[in-house]
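> I would like the atomic coordinates for the input below:
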Amino acid sequence: MMSLLLMADPNEQKIRDYLKGSSILIATDANILMGIAVLSKSDDTYELINIAVHERYQGKGIAKNLIMEIKSLAKKQGTLKLIVGTGN
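I've put the predicted structure just below:
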């Protein structure tokens, strides 16, 4: 999991810090981790902190599906704002 998160954020300590208290969504197939998204929630706002897809699975709509799931989750929980705070 960490190697995938490091693709989008090269600071391992920062990742470890923001994982605490965050929600993690994963995309898997046959127990293979294909993609991951990390969300932070405060009050009425969700922030997408990190999203990454393994190179072998890029271009297959996995990040798009993770983002659609994030939007659905945010809407169900009454979140008013969704911020994309990823580094790239």
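> Contacts for the longest strand seen in the chain next, please.
As assigned by DSSP state E, the longest strand anywhere in the chain is strand 32-42. Identification of contacts with strand 32-42 by CB atoms under 8 Å, 6 or more residues apart in numbering yields 1, 4-5, 18-19, 21-28, 46-54, 56-57, 62-63, 66-67, 69-70, 73, 77, 79. C-beta: built from backbone N, CA, C; applies to glycine.
> residues of that strand that come out buried?
34-40 (16 or more other CB atoms under 10 Å).
> show me where the protein has strands.
Using DSSP E, strands in the chain cover 23-29, 32-42, 45-53, 81-84.
> among those strands, which is nearest residue 14?
Nearest to residue 14, of all these, is strand 45-53, at 9.5 Å by CB to CB.
> So residue 67 sits against residue 46, correct?
No - at 11.4 Å, residue 67 does not count as touching residue 46 under the criterion of CB atoms under 8 Å.
> Look at those two and report which has more neighbours.
residue 46 (22 against 16; other CB atoms under 10 Å).
> Please identify which of the buried residues of strand 32-42 is nearest to residue 9.
Looking across the buried residues of strand 32-42 and measuring by CB to CB, the closest to residue 9 is residue 38, at 9.1 Å.
> Name the residues linked to the closest one by a beta bridge.
residue 24, residue 50 (DSSP bridges).
> gap between it and residue 30?
Applying CB to CB, to the nearest Å, the value for residue 38 to residue 30 is 23 Å.
> Save the strands of the chain as TSV, and put in distance to residue 11 and mean pLDDT too.
As requested, these are exported to TSV (distance: least, CB to CB, whole Å; pLDDT from 0 to 100):
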stretch	distance to residue 11	mean pLDDT
strand 23-29	17	94
strand 32-42	13	92
strand 45-53	11	92
strand 81-84	18	87
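> right, so of those, which gets closest to residue 9?
strand 45-53 (5.4 Å).
> in the closest one, what's buried?
Residues of strand 45-53 classed as buried under the neighbour-count rule (16+ other CB under 10 Å) are 46-53.
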